[in-house]
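curious how this folds, go ahead:
(2 chains)
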Number of protein chains: 2
Amino acid sequence: MRLGVFDSGVGGLSVLKSLLQAKLFKEYIYYGDTARVPYGVKDKETIIKFSLEALEFFKEKKVDMLIIACNTVSAHALEILKANAPFPVLGVIEAGVLAVKNSLEDKNSNILVIATQATVNSHAYKKALIQEGFLKIEEKATGLFVPMVEEGIFQGEFLKAAFKYYFDKLKFHPDALILACTHFPLIAHSLAEYFGKNTRLIHSGEAIALQLQHEFDLISIQEEANIKFYASSDVEKLKKIANLWL
Amino acid sequence: MRLGVFDSGVGGLSVLKSLLQAKLFKEYIYYGDTARVPYGVKDKETIIKFSLEALEFFKEKKVDMLIIACNTVSAHALEILKANAPFPVLGVIEAGVLAVKNSLEDKNSNILVIATQATVNSHAYKKALIQEGFLKIEEKATGLFVPMVEEGIFQGEFLKAAFKYYFDKLKFHPDALILACTHFPLIAHSLAEYFGKNTRLIHSGEAIALQLQHEFDLISIQEEANIKFYASSDVEKLKKIANLWL
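Sure thing, here's the model as predicted:
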């Protein structure tokens, strides 16, 4: 089986990493729209246009299934992608919500969703969590974590100042923290340190690997996976980061 | 006369503002490639491709002159734009260097250039400053100031942490600080406070307005200027920011 993984840039590599660890597919086609990243600050219409262009790419590559690693695309374009694709399309949001449902028994738990502005504006997580019966949800746009991670800032005083800037006035101390952007797993360690051990971190990549195992009855294979990387600009840079992250 | 102003996003409004204050033109066409911003992290080839697409737009709009407000485009695509344009094309880098030359007598002055990674990689400022006889130049990529400004962070503890992160290990205390990115004039006040009153700030917009007056013998007009805004995505957002900045 050949799996397509689409992201607005390099961030989806954190999702690809979880998929590789689960060993569910033989071939992977990763495409990052690095020429037009970030999507998180763009409007819905633009996000849909770019996503449909990416879909054409994956159709040509004849993938059997497509994972939308980008939360912004999952929030705004998943339905239209599903409607236009001849193969199953899965987004990270439904996977993340499923993971919350499986790990939090108390519907009164405090859930904090951190994401880009576009993902927050869609309220996709909040709506899905409410449908699952959860009551206390705060969505917080923490868009600056994206360029900070891309600059290689995973810890330190500057990142702590960013946490203080974003989290100083939260309504509650979260029981669960959804890392609703592909870049955020790279600062998971610092976030865990900031919030303490009573906050459970939910990671999209791990969530989607679990969803695939449960819903599609996929089982781990032993063969070495074959991965091909494509990007709309500077594919060498993407490969370099892939070497670092994977 | 109709002046075109091109930028990768909204940042060029800081240059437009200086041009409006100098009252040199009757009509302005501002185009921001907001769907594909930021350019500062993209490769040279992509920057040239996008810039030539923008040039076609300005040809259609029949401008008499084009200002490249974006430092990244000025660094990587100015020559090719000049070669392909039927009207004069001016970049902010030559203007900035001219301003340094006019304001610093001592060629041993310490000059700090802060810019995006792509502008720093081009070493366009360093090369031009060396040609003018300056000897002590440090170029520093401070790319995170761009999304911070776009998030409305112009002062405060988080910005101070960013200054500390970027400037803690400078080779010297700068006599001149070139704000080599359109977004940076919005944090000029905080930068001035951080570096102290012995550091002179060089602002691209003011520099280019001066260059226009000197090289093209343009004089101030009294008529109210007419400004048209265009963007590759979310033109309403651009207009909203223009209302705030201008």
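
how about the residue nearest to residue A:187 when sequence neighbours are not counted, secondary structure?
Distance criterion CB to CB, 6 or more residues apart in numbering or on different chains; nearest residue to residue A:187, sequence neighbours excluded, is residue A:154 at 5.5 Å. Every C-beta, even on glycine, is put in place using the N, C-alpha and C of the backbone. Classification of residue A:154 by DSSP: H, G, I helix; E, B strand; the rest coil places it in coil.

return the residues of chain A in contact with chain B.
Selection of chain A residues close to chain B by CB under 8 Å from any CB of the partner chain yields A:34-36, A:41-43, A:45-46, A:143-144, A:146-148, A:150-151, A:153, A:156-158, A:160-162, A:164-165, A:233-234, A:237.

buried only: go through those for me.
The neighbour-count test (16 or more other CB atoms under 10 Å in any protein chain shown) marks A:34-36, A:41-43, A:46, A:143-144, A:146-148, A:150-151, A:153, A:158, A:161-162, A:165, A:233-234, A:237 as buried among those.

can you tell me which helix or strand residue A:134 belongs to?
Of the helices and strands defined by DSSP states H and E, none includes residue A:134.

chain B versus the closest residue to it other than its chain neighbours, what's the distance?
Using CB to CB, 6+ apart and skipping the chain neighbours, the partner closest in space to residue A:134 is residue A:107 (5.5 Å). Using CB to the nearest CB, to the nearest Å, residue A:107 is found at 33 Å from chain B.

my guess is residue A:107 meets residue A:131, correct?
No: judged on CB atoms under 8 Å, residue A:107 makes no contact with residue A:131 at a distance of 11.7 Å.

where does pLDDT dip in chain A?
Applying pLDDT under 70 to chain A flags no residue at all.

after the lengthiest helix in it, which helix or strand is next? Please name it.
When chain A is parsed with DSSP state H, its longest helix is helix A:44-60. The first helix or strand that comes after helix A:44-60 along the chain, using DSSP H and E, is strand A:65-68.

so what are the sheet partners of that next one and their directions?
Using DSSP bridges, the strands paired with strand A:65-68 are strand A:2-7 (parallel), strand A:89-91 (parallel).

deepest of these, which one?
Highest mean neighbour count of these: strand A:2-7, a mean of 25 (counted as mean count of other CB atoms under 10 Å in any protein chain shown).

so which elements touch whatever helix or strand comes next after that one?
Counting by DSSP H and E, the next helix or strand C-terminal to strand A:2-7 is helix A:13-22. Counting contacts by 3 or more CB pairs under 8 Å, 6 or more residues apart in numbering or on different chains; DSSP states H and E, helix A:13-22 packs against strand A:2-7, strand A:27-32, helix A:204-215, helix A:235-245.

6 Å instead, please
helix A:204-215 (3 or more CB pairs under 6 Å, 6 or more residues apart in numbering or on different chains; DSSP states H and E).

send me the helix it packs on as PDB with only the CA atoms.
Coordinates of each C-alpha in helix A:204-215 appear next as PDB, following Å, rounded to 0.1, in the frame of the first residue of the first chain:
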ATOM      1  CA  SER A 204      -1.600  14.200  16.200                       C
ATOM      2  CA  GLY A 205       0.900  11.800  14.600                       C
ATOM      3  CA  GLU A 206       0.500   9.200  17.300                       C
ATOM      4  CA  ALA A 207      -3.300   9.700  17.300                       C
ATOM      5  CA  ILE A 208      -3.500   9.100  13.500                       C
ATOM      6  CA  ALA A 209      -1.300   6.000  13.600                       C
ATOM      7  CA  LEU A 210      -3.700   4.600  16.300                       C
ATOM      8  CA  GLN A 211      -6.800   5.500  14.200                       C
ATOM      9  CA  LEU A 212      -5.400   3.700  11.200                       C
ATOM     10  CA  GLN A 213      -4.800   0.600  13.200                       C
ATOM     11  CA  HIS A 214      -8.300   0.600  14.700                       C
ATOM     12  CA  GLU A 215     -10.400   1.700  11.800                       C
END
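
quick check: phi and psi on the residue nearest to residue A:134?
Per-residue torsions, residue A:107: phi -70, psi -10 (degrees, to the nearest 10).

run through the residues that contact it.
Contact partners of residue A:107, counting by CB atoms under 6 Å, 6 or more residues apart in numbering or on different chains, are A:133-135.

circling back to that earlier point, number of nearby residues for the residue nearest to residue A:187?
Neighbours of residue A:154 under the rule other CB atoms under 10 Å in any protein chain shown: 13.

next, give phi and psi for it.
phi -110, psi -10.

ok so, going back, give me the subset of the residues of chain A next to chain B lying in helices.
A:45-46, A:146-148, A:150, A:157-158, A:160-162, A:164-165, A:237.

show me the two of those residues that sit farthest apart.
A:45 and A:157 (39.3 Å; CB to CB).

pull up the gap between the residue nearest to residue A:187 and chain B, please.
13 Å.

same check on residue A:183?
Going from residue A:183 to chain B by CB to the nearest CB gives 12 Å.

ok, residue A:193 next?
Counting by CB to the nearest CB - residue A:193 and chain B are separated by 17 Å.

that residue: which element?
helix A:188-195.

return the set of buried residues in that helix.
So for helix A:188-195, counting by 16+ other CB under 10 Å, buried means A:190-191, A:195.

ditto for stretch A:100-118
A:100, A:104, A:109-118.

what's the PyMOL line that selects buried ones from the contacts of residue A:107?
Here is the PyMOL selection string for the buried members of the contacts of residue A:107, based on 16+ other CB under 10 Å:
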select buried, chain A and resi 134
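
and the contacts of residue A:107, which is closest to residue A:209?
residue A:134 (22.5 Å).

can you list phi and psi of that closest one for me?
With angles defined as degrees, to the nearest 10, residue A:134 sits at phi -80, psi 150.

quick one: it from chain B, how far?
Residue A:134 sits 28 Å away from chain B, going by CB to the nearest CB.
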